[in-house]
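1. Take a look and give me a structure for this.
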Amino acid sequence: MGRFGKWIGGGLGWAIGGPIGGLLGFFVGSMVDNTTVRTSTYSLADDRTTPGAFGASLLVLIAAVMKADGKVVKSELDYVKQFFVRQFGSNSAAEATMMLKDILKQDIPVRDVCSQISRNMDYSSRLQLLQLLYNVSLADGNIQPSEVQLIDTIAGYLGISSSDLLSIKNMYIPETDSSYKILEIDRLASNDEVKKAYRRMAIKYHPDKVSHLGEEFKKAADEKFKKVNEAYEKIKKERNMV
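-> Next up, the predicted model:
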């Protein structure tokens, strides 16, 4: 059993109930019938999210985004599988893809799913979810307007601030002054304000913020942290900052 199966077997926590648990019901019943499903390793008081709850949430939201344009084509599913392989390895990718295919057959109550996530998942992990949704949507080199619109809607349901949404979106869909938007500042900011903004964002997006999700998901956080550094270096170069 790969990593995803182990997460389902233990550590689903709050995700085993509510709409997420309902969407995963088939997989839980058919693939881990010999495994005792446990509740979360962390209590809500810990303000932490288990890898299982995060992985389940990610799969459900990926499925919702893939269905945003009303159709799911094989090439899109293949691209997502390749993303899983890069992120988690071939064994876990096979299990994740199997789960995803089952979820895609179902109606996904996006608002209810996001409400469940927002009530139970720490904010840093929700930011990580948003980043991965953009990452997966761009896996085929092209992101559809319907997907962007749904991801924006999901961000709102998840309680993501408008500045954080704009920051993460510009990491994947650059706009005018994207480096400044990634750092959540205006082009008119002083050099000192640029430096302060970089330090603030470096703390917010440091991979250690989601270390509790495990090495697989922390790798994606490394990418987000790298994009913050790249934005800062670009601004420094433009301004001849030292």
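2. Would you state the helices of the chain in chain order?
-> Here the chain has its helices, by DSSP state H, at 3-9, 18-23, 25-31, 51-66, 74-88, 90-104, 110-120, 123-137, 145-157, 162-172, 178-182, 191-204, 215-239.
3. Mean neighbour count, these: which tops it?
-> helix 51-66 (a mean of 25; mean count of other CB atoms under 10 Å). The way it works is simple: take the backbone N, C-alpha and C, and place the C-beta from them, glycine included.
4. Return the distance of it from the chain's centre.
-> With CA atoms, centre = their mean, to the nearest Å as the basis, helix 51-66 stands 8 Å off its chain's centre.
5. Restricting to C-alpha, output that helix in PDB.
-> Written as PDB, here are the backbone C-alpha positions of helix 51-66 (Å, rounded to 0.1, in the frame of the first residue of the first chain):
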ATOM      1  CA  PRO A  51      -1.200  14.500   6.000                       C
ATOM      2  CA  GLY A  52      -4.300  12.300   5.600                       C
ATOM      3  CA  ALA A  53      -6.800  15.200   6.000                       C
ATOM      4  CA  PHE A  54      -4.700  17.400   3.700                       C
ATOM      5  CA  GLY A  55      -4.300  14.700   1.000                       C
ATOM      6  CA  ALA A  56      -8.000  13.900   1.100                       C
ATOM      7  CA  SER A  57      -8.900  17.600   0.800                       C
ATOM      8  CA  LEU A  58      -6.500  18.100  -2.000                       C
ATOM      9  CA  LEU A  59      -7.900  15.300  -4.100                       C
ATOM     10  CA  VAL A  60     -11.500  16.500  -3.700                       C
ATOM     11  CA  LEU A  61     -10.600  20.000  -4.700                       C
ATOM     12  CA  ILE A  62      -8.500  18.900  -7.600                       C
ATOM     13  CA  ALA A  63     -11.500  16.900  -8.800                       C
ATOM     14  CA  ALA A  64     -13.700  19.900  -8.500                       C
ATOM     15  CA  VAL A  65     -11.300  22.100 -10.500                       C
ATOM     16  CA  MET A  66     -10.900  19.400 -13.200                       C
END
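6. quick one: least confident helix or strand in this structure?
-> Sorting the helices and strands of the chain by mean pLDDT, DSSP states H and E puts helix 3-9 at the bottom, at a mean of 55.
7. What sits closest to P19 if chain neighbours are left out?
-> Leaving aside its chain neighbours, P19 sits nearest to D112 (4.5 Å; criterion: CB to CB, 6 or more residues apart in numbering).
8. And M1, what's its pLDDT?
-> Note on M1: pLDDT of 50.
9. again with N170
-> For N170, the predicted pLDDT is 95.
10. Then S92?
-> For S92, the predicted pLDDT is 75.
11. now the one 5 residues further on
-> At T97, the pLDDT value in this model is 85.
12. can you check the one 5 residues further on too?
-> Taken from the predicted model, the pLDDT recorded for D102 is 89.
13. how near is it to D152?
-> Plainly put, D102 is 26 Å away from D152 if you go by CB to CB, to the nearest Å.
14. before we move on, the earlier item: least confident of the helices of the chain, on average?
-> Comparing mean pLDDT across the helices of the chain, the lowest value falls on helix 3-9: a mean of 55.
15. show me the contacts for S137.
-> V65, I143, Q144, E147, V148, I151, Y172 (CB atoms under 8 Å, 6 or more residues apart in numbering).
16. for these, which one is nearest D122?
-> D122 has its nearest neighbour among the contacts of S137 in I151, at 19.7 Å by CB to CB.
17. For the closest one, which non-adjacent residue is spatially closest?
-> L133 (5.2 Å).
18. same deal with L12?
-> Using CB to CB, 6+ apart, the nearest residue to L12 is G52, at 4.3 Å.
19. Contacts only, for the residue nearest to I151.
-> By CB under 8 Å, 6+ apart, the contact list for L133 reads L58, L61, I62, V65, I151, I154.
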